[in-house]
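# could you look at this predicted model? Sequence included:
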Amino acid sequence: EIGFQKNKVVLINDTRTYFMKIIFLGDICATSPLYGIDPRYFRIISDANCIIANFEGVFSERCREDIVYNSLSTIDTLNILKVNSVILGNNHIFDDKKLFKNTVNILNESGIDSFGAGVNLLEAQRPFVADSGDQKALVYSFGWNVIGCKQASTNVSGVNPFEIKNLFTTINNYRIGDKH
């Protein structure tokens with residue numbers, strides 16, 4: 001069992017304390033190349049076990065006014081920032097279904113994992129496994145229909161629904177040791 005003790009995650013009945021530094025970068029929507037990353041950022045991330053970025057939109061090769069998107073050059077920035085995984089569970093990721101699949105492929109080809117959305121519910125529920133070598137942590141993403149997230153179901157693409165029943169089902173399905 002896992003418990004919390006003064007901002008530390010601890011195993012109950014275990015005297016050891018475990019630390020994993022995970023950095024979250026929020027709401028990336030870069031329609032043009034990003035230049036001039038502040039050098040102080042690299043000092044902050046230098047000892048991180050994992051860096052996760054929240055992607056607001058898909059990759060698009062051309063400028064579009066009808067969707068929220070990221071320029072293809074954003075992949076270079078993600079690599080420079082040493083991002084391990086990208087959260088896709090948000091309200092704009094399915095603005096263009098074809099570009100969703102393309103975005104997942106681009107991330108995979110670049111060695112960057114993605115989670116929180118998928119071609120069906122099972123894929124959307126899959127967590128990211130943050131692995132520091134001697135310990136693992138599961139990171140989940142859920143999208144809320146109130147803000148317009150397209151909800152995944154058995155045979156329908158979308159984000160992992162932020163609904164109480166699905167939240168507990170997702171966590172129970174992917175408990176550490178069961179599938180990882």
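Cool, the structure landed.

# I'd like to know which elements the top helix by length along the chain is packed against.
The single longest helix within the chain, with elements called by DSSP state H, is helix 97-109. Packing partners of helix 97-109 (3 or more CB pairs under 8 Å, 6 or more residues apart in numbering; DSSP states H and E): strand 58-60, strand 113-115. From N, CA and C alone the C-beta is placed, and that goes for glycine too.

# mean confidence score for the first one?
Per-region confidence: strand 58-60 scores 92 on mean pLDDT.

# remind me what it packs against, helices and strands.
So strand 58-60, by 3+ CB pairs under 8 Å, 6+ apart, packs with strand 69-71, helix 97-109.

# please identify the buried residues of the helix or strand following the first one?
The helix or strand immediately downstream of strand 69-71 is helix 74-80, counting by DSSP states H and E. Burial within helix 74-80, assessed by neighbour count using 16 or more other CB atoms under 10 Å, is assigned to 74-75, 77-78.

# just to revisit the earlier point, make JSON lines from the helices and strands packed on helix 97-109 and add mean neighbour count and distance to Asp47 to it.
Listed next are the helices and strands packed on helix 97-109 as JSON lines, based on neighbours: other CB atoms under 10 Å; distance: least, CB to CB, whole Å:
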{"stretch": "strand 58-60", "mean neighbour count": "21", "distance to Asp47": "30"}
{"stretch": "strand 113-115", "mean neighbour count": "21", "distance to Asp47": "20"}
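
# now distance to Asn49 too, for those strands, in JSON lines please.
Formatted as JSON lines, those follow (distance: least, CB to CB, whole Å):
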{"stretch": "strand 58-60", "distance to Asn49": "26"}
{"stretch": "strand 113-115", "distance to Asn49": "14"}
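
# list the contacts for the residue most central in space within the chain?
Residue closest to the average C-alpha location in the chain (CA atoms, centre = their mean): Ile87, at 2.3 Å. By CB atoms under 8 Å, 6 or more residues apart in numbering, the contact set of Ile87 is 52-55, 114-116, 141.

# Thr169 belongs to a strand?
No - going by DSSP: H, G, I helix; E, B strand; the rest coil, the assignment for Thr169 is helix, not a strand.

# what's around it, how many residues?
By other CB atoms under 10 Å, 14 other residues sit near Thr169.

# what's the answer for Glu123, then?
Glu123: 16 neighbours (other CB under 10 Å).

# let's see the pLDDT reported for it.
96.

# where's it, which helix or strand?
Assigned by DSSP H and E, Glu123 belongs to helix 121-125.
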